[in-house]
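Asks: Output the structure for:
(one chain, ligands or ions: 3)
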Amino acid sequence: MTQSHGWAAQSATTPLSPFKFSRRELKEHDVHVDIQFCGVCHSDIHWVRNEWGGATYPVVPGHEIIGRVKAAGSAVSRFKPGDLVGVGVIVDSCRQCASCKAGEEQYCEVGATLTYGVPDRFGDLTQGGYSNNIVVDDRFVHSISSKLSPAGVAPLLCAGITTYSPLRHWKVGPNKKVGVVGLGGLGHMALKFAHSFGAHVVQFTTSESKVADAKRLGADEVVISKDAAAMKKQAASFDFILDTVSAPHDINPYLEALKRDATYAQVGLPDKPPVINMGNLLFKRRNLSGSIIGGMPETQQMLDYCAEKNIVADVEVIPIQKINEAFERVVKADVKYRFVIDMASLDRG
Ligand code: NAP
Ligand code: ZN
Ligand code: ZN
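Replies: Ligands and ions are numbered 1, 2, ... in the order given. Just a heads-up that it's a prediction; the model follows:
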């Protein structure tokens, strides 16, 4: 067994604290990664606080993992000790179903295995990246260019692919007017990607303090979503809108901002559903959709695109001892724009 040190939640209401556990012995397809950095996703908070229901404890969160390969199993050909690698939101899937065969493992029909908090095929409960190491099947490990800062790359493994995938799927590019709702971890990556793909990008935010940053990050326009008159001015003008908001909010003013046949895609996953005025869908044949992370081939494609275009997340690096404070700040939308934990701060005693 591999000994691991991390920080775990023992219940929905207790703060994260140091926790020792073990991971499976290296199997032939496994890669043992020594973790250097792990991003802090709002999903970690929803999960740890059991806001979606079904959480099990203790749970070590974290699914934006960057580190170096310490050892690789005998059947692993893509990685060798010393390589810089990344692990994201899923660590296994059935590999047989139509989605897995299409490289869309996130939609595995049997159910993909999440990086933390669920039973895996070996009978262990998965534990995530707020820890010093992880053992993962090589299909779910990505190679990382050493051109980019590893702390800035970590959030690409969730916030990056979760926004890149729908923007590609709905063909965001030149001559398209695209909206991004919410300027947090996911939102700031959506903004960077949509701008890089050549679209006209409008950032919607509730935070007046983020307007200048939104422009710096690539927004052609910024709309304060609490300003009803400013929202009305955007009516029926968008080809696509991506909603990254973590809390319940009214999506009707955004549906009204879509052109005929345009799509509103949800990636944010608040704990309560929205109320939808059906007229907003019917009268312009608009589409309401959603998307989760991305498949393994597309995740590697996104990482290679970021290396080529020099795209990383804007991060605030913290020691693990600040994680509970960081959770509180994320909930208050007070993060610019992703916390990333430096695992060198972990006590391995
Ligand atoms: P985050 O960094 O906390 O960003 C969320 C942003 O939403 C905030 O910065 C804020 O932006 C806005 N917001 C927060 N509360 C709001 C409210 N009450 N009304 C309106 N806007 C509000 O979170 P994140 O890590 O980007 O994650 C966002 C959501 O995506 C979470 O629900 C997470 O679980 C989900 N998620 C989904 C996937 C997927 O695969 N689909 C993957 C990762 C995460 P402004 O200050 O600009 O308004
Ligand atoms: Zn995430
Ligand atoms: Zn499958």
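
Asks: show me what contacts the closest residue to ligand 1 within the stretch 101-250 of the chain?
Replies: Residue nearest to ligand 1 within the stretch 101-250 of the chain (C-beta to the nearest ligand atom): residue 184, separated by 1.8 Å. (Glycine included, C-beta is placed from N, CA and C.) Counting by C-beta atoms under 8 Å, 6 or more residues apart in numbering, residue 184 makes contact with 42, 244, 246, 330, 333, 335, 337.

Asks: Show me which residues of the stretch 1-150 of the chain sit near ligand 2.
Replies: Within the stretch 1-150 of the chain, the positions adjacent to ligand 2 are 41, 43 by C-beta under 5 Å from the ion.

Asks: And the residue in the chain sticking out farthest from the centre, what's its pLDDT?
Replies: Largest separation from the mean C-alpha position in the chain: residue 283, at 33.1 Å (C-alpha atoms, centre = their mean). Per-residue pLDDT puts residue 283 at 94.

Asks: Distance check, it against residue 73.
Replies: Here residue 283 is placed at a distance of 57 Å from residue 73 (C-beta to C-beta, to the nearest Å).

Asks: Residue 7 now?
Replies: Distance from residue 7 to residue 73, by C-beta to C-beta: 27 Å.

Asks: for residue 84, same thing?
Replies: Going from residue 84 to residue 73 by C-beta to C-beta gives 19 Å.

Asks: Ok, residue 130 next?
Replies: Distance of residue 130 to residue 73, given as C-beta to C-beta: 24 Å.

Asks: Can you tell me the closest non-neighbouring residue to residue 106?
Replies: Leaving aside its sequence neighbours, residue 106 sits nearest to residue 293 (C-beta to C-beta, 6 or more residues apart in numbering; 4.8 Å).

Asks: Number of residues surrounding residue 123?
Replies: 7 (other C-beta atoms under 10 Å).

Asks: sorry, that was for residue 304
Replies: 14.

Asks: Reduced to three states, what does it come out as?
Replies: The three-state assignment at residue 304 reads helix, by DSSP: H, G, I helix; E, B strand; the rest coil.

Asks: surely it meets residue 145?
Replies: Yes - the criterion here is C-beta atoms under 8 Å, and residue 304 meets it with residue 145 at 7.4 Å.

Asks: Okay, helices next: where are they in the chain?
Replies: 42-48, 98-101, 150-153, 159-169, 185-196, 211-216, 228-232, 252-255, 279-282, 296-309, 323-331 (DSSP state H).

Asks: residues in contact with stretch 19-33?
Replies: By C-beta under 8 Å, 6+ apart, stretch 19-33 touches 1-8, 58, 60, 65, 67-76, 79, 85, 87, 122, 124, 127, 133-139, 141.

Asks: Can you tell me which of those are buried?
Replies: Buried subset of those (neighbour count, 16 or more other C-beta atoms under 10 Å): 2, 4-8, 58, 60, 65, 67-69, 71-73, 76, 79, 85, 87, 127, 133-139, 141.

Asks: List the ones among those residues that fall in strands.
Replies: 2, 4-8, 65, 67-69, 71-72, 85, 87, 133-137 (DSSP state E).

Asks: Residue 187 - nearest residue in space that isn't next to it in sequence?
Replies: Closest to residue 187 by C-beta to C-beta, 6+ apart is residue 244, at 4.3 Å.

Asks: what residue ranges in this structure score low on pLDDT?
Replies: Within the chain, the stretches with pLDDT under 70 are 349.

Asks: Around residue 260, count how many other residues there are.
Replies: Applying other C-beta under 10 Å, I find that residue 260 has 9 neighbouring residues.

Asks: is it true that it touches residue 281?
Replies: No - at 11.3 Å, residue 260 does not count as touching residue 281 under the criterion of C-beta under 8 Å.

Asks: near ligand 3, which residues of the chain?
Replies: By C-beta under 5 Å from the ion, the residues of the chain that approach ligand 3 are 93-94, 97, 100, 108.

Asks: Now, of these, which are buried?
Replies: Here, 16+ other C-beta under 10 Å leaves 93-94, 97, 100, 108 buried among those.

Asks: interface residues of the stretch 201-349 of the chain facing ligand 2?
Replies: So the stretch 201-349 of the chain never meets ligand 2 (C-beta under 5 Å from the ion).

Asks: Now the stretch 201-349 of the chain against ligand 3: closest residue?
Replies: Nearest residue of the stretch 201-349 of the chain to ligand 3: residue 295, at 10.6 Å (C-beta to the ion).

Asks: picking up where we left off before, show me which pair in the residues of the chain next to ligand 3 is furthest apart.
Replies: Comparing all pairs in the residues of the chain next to ligand 3 by C-beta to C-beta, the longest separation belongs to 93 and 97, at 8.0 Å.

Asks: Find the residues that touch each one of the two.
Replies: In contact with both residue 93 and residue 97: 108, 110, using C-beta under 8 Å, 6+ apart.

Asks: residues contacting the residue of the stretch 51-200 of the chain found nearest ligand 2?
Replies: Ranked by C-beta to the ion, the top residue of the stretch 51-200 of the chain for proximity to ligand 2 is residue 158, at 3.2 Å. For residue 158, the contact set (C-beta under 8 Å, 6+ apart) comprises 39, 41, 43, 63-64, 88-89, 293.

Asks: State the distance from it to residue 65.
Replies: 9 Å.

Asks: For the stretch 201-349 of the chain, what lies in contact range of ligand 1?
Replies: Those residues of the stretch 201-349 of the chain that sit near ligand 1, judged by C-beta under 6 Å from any ligand atom, are 205-207, 210, 244-247, 249, 267-270, 292-293, 330, 333, 335.
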